[in-house]
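*Asks:* sharing a model that was predicted from the sequence below.
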Amino acid sequence: MPDITTSSAGDQLISDLEEMIPRLRERSLAAEEAGRIPEETIQELKDIGVFRAFVPASYGGMEVPLPYVPKIFSTLGRGCSATAWTMGFLIYHNYQFAHYPKKAQDETFGAKGYTMAAGQVVPGGEAKRVDGGFILDGRWGYASGILHCDYMAIPAPVVNEPGPDGKPNIYRFYLAQEEFEIHDTWHVAAMRASGSHDVSLTDVFVPEHQGLAVSDLREGTSPGLELNKGPLYRVPVLTFMVFGTVGPMIGAAQAMLELVTDILKTKVGAYSGERQQDLQSQRVRLARIEMELDATLGLFHGTVAKTWATVSRGDSLTREERVETRMVVSHTAQKCHQIVDELAVAAGSRGYYLDSPIQRFQRDTNMLATHAIFEFDHVANLYGGTLLGLDVPDNAMI
């Protein structure tokens, strides 16, 4: 039986991304100051073919196994958190387009074999069903990647199409980037290079094939799955997304451990005159952090592997298993956040110069830790309920 957990194309991608890490760190200050990802970085990513990673094989894509999803995000994250977050989403949304009707896939994959699509997950604005499609109107925030994309995917309620519960059905629409008005709103203390500005639409017509019910996307009943039958597209959409989105935080923790360890090899205490590598406290700290990170990533990658094994044999994740994946991701995010903060203190004041990646990793990780997708208490409440035999609420984002 062939090994479905690895692929030569995926291995080559990771190797190519690892070679980019030093250049990503060198460009991170300029990226932050410009509020966008450098064109040199985008061109390198195009050249190595990473935007084709999650494109179906039927369109010439790599269709790599699920374990490569967090590896791509985290490898980029070892270089620059904002680059990993922004470009990661532009890579990831090719997976989502594989769920749309064939006409949409021909449109998004046909021209160059992939697309670069920004996206947002919180429903905003409103849509109205009309002959041949929908009319969209409204405003959406946090449009990471909007400065670099071909399309943007947004969710909106279709106000004249009620669902089974009587509430408007939520659809996920994609539109060409030029359809949006971009508002200069991303004035922040971290993750500035993501360019996550607000966007708006005013009575824009969207053809039928550019809309997909979120319920179909979540429950694996999308029309695109009749075309794309590989296990990659059987991974629940939110499970796929969270496995990727925690990658920048994993990469930041790995990078910080590398950078701060190198500093402590030569650092001398300013007041004590003691070499830090000779202090038992520093040695114990590094040993503990190394074990904590290894243990966290062992749990995380084990969960990814278990998920991949489930869908690869043709089974679906239960609702309880979906909650568990979210719990593992939230725990991973929390541990990486703690590790980055502790290592930043160990590095000392030299880590806070603007040209140091250390302070940027810390600021970016602190900001990513506030993202709703990693909200620990909410997810732990759901997961703890499953441990007590309670049903997962119907409206849970899993």
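*Replies:* Thanks, I have the structure now.
*Asks:* would you map the helices across this structure?
*Replies:* If DSSP state H is used as the criterion, the helices of the chain fall at 8-34, 39-48, 68-77, 81-97, 102-109, 214-219, 237-245, 247-266, 280-312, 319-347, 357-368, 376-387.
*Asks:* for residue 126, find the nearest of those helices.
*Replies:* Nearest to residue 126, of all these, is helix 214-219, at 14.4 Å by Cβ to Cβ. (Glycine included, C-beta is placed from N, CA and C.)
*Asks:* for the closest one, which positions count as buried?
*Replies:* Within helix 214-219, the residues scored as buried using 16 or more other Cβ atoms under 10 Å are 214, 216-218.
*Asks:* same check, this time on stretch 224-238
*Replies:* For stretch 224-238, a neighbour-count test (16+ other Cβ under 10 Å) marks 224, 227-228, 230-238 as buried.
*Asks:* who's in contact with residue 74?
*Replies:* 84, 247-248, 250-251, 254 (Cβ atoms under 8 Å, 6 or more residues apart in numbering).
*Asks:* that older thread, farthest pair within the buried residues of stretch 224-238?
*Replies:* Greatest spacing in those, by Cβ to Cβ: 227 and 238 (21.7 Å).
*Asks:* let me have the helices of the chain in JSON lines, extended by distance to residue 201 and mean pLDDT.
*Replies:* Shown next, in JSON lines, are the helices of the chain (distance: least, Cβ to Cβ, whole Å; pLDDT from 0 to 100):
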{"stretch": "helix 8-34", "distance to residue 201": "26", "mean pLDDT": "97"}
{"stretch": "helix 39-48", "distance to residue 201": "25", "mean pLDDT": "98"}
{"stretch": "helix 68-77", "distance to residue 201": "29", "mean pLDDT": "98"}
{"stretch": "helix 81-97", "distance to residue 201": "18", "mean pLDDT": "97"}
{"stretch": "helix 102-109", "distance to residue 201": "18", "mean pLDDT": "96"}
{"stretch": "helix 214-219", "distance to residue 201": "18", "mean pLDDT": "91"}
{"stretch": "helix 237-245", "distance to residue 201": "23", "mean pLDDT": "96"}
{"stretch": "helix 247-266", "distance to residue 201": "28", "mean pLDDT": "96"}
{"stretch": "helix 280-312", "distance to residue 201": "35", "mean pLDDT": "96"}
{"stretch": "helix 319-347", "distance to residue 201": "30", "mean pLDDT": "97"}
{"stretch": "helix 357-368", "distance to residue 201": "27", "mean pLDDT": "97"}
{"stretch": "helix 376-387", "distance to residue 201": "30", "mean pLDDT": "97"}
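*Asks:* residue 205: which of those helices is closest?
*Replies:* Nearest to residue 205 among the helices of the chain is helix 102-109 (15.3 Å), distances taken as Cβ to Cβ.
*Asks:* any idea how far stretch 217-227 is from the chain center?
*Replies:* A distance of 21 Å separates the centroid of the chain from that of stretch 217-227, by Cα atoms, centre = their mean, to the nearest Å.
*Asks:* go on, stretch 125-140?
*Replies:* Between the centre of stretch 125-140 and the centre of its chain there are 27 Å (Cα atoms, centre = their mean).
*Asks:* next one: stretch 253-265
*Replies:* Distance of stretch 253-265 from the chain centroid (Cα atoms, centre = their mean) equals 24 Å.
*Asks:* give me the contacts around stretch 14-22.
*Replies:* Contacts with stretch 14-22, where a contact means Cβ under 8 Å, 6+ apart, come from 41, 44, 48, 50, 68, 71-72, 75-76, 78-79, 255.
*Asks:* oh, that last question was meant for stretch 161-176, not what I typed.
*Replies:* Contacts of stretch 161-176 (Cβ under 8 Å, 6+ apart): 96-97, 100, 104, 108, 117, 123, 126-127, 129, 134, 136, 150-160, 201, 204, 206, 210-215, 217.
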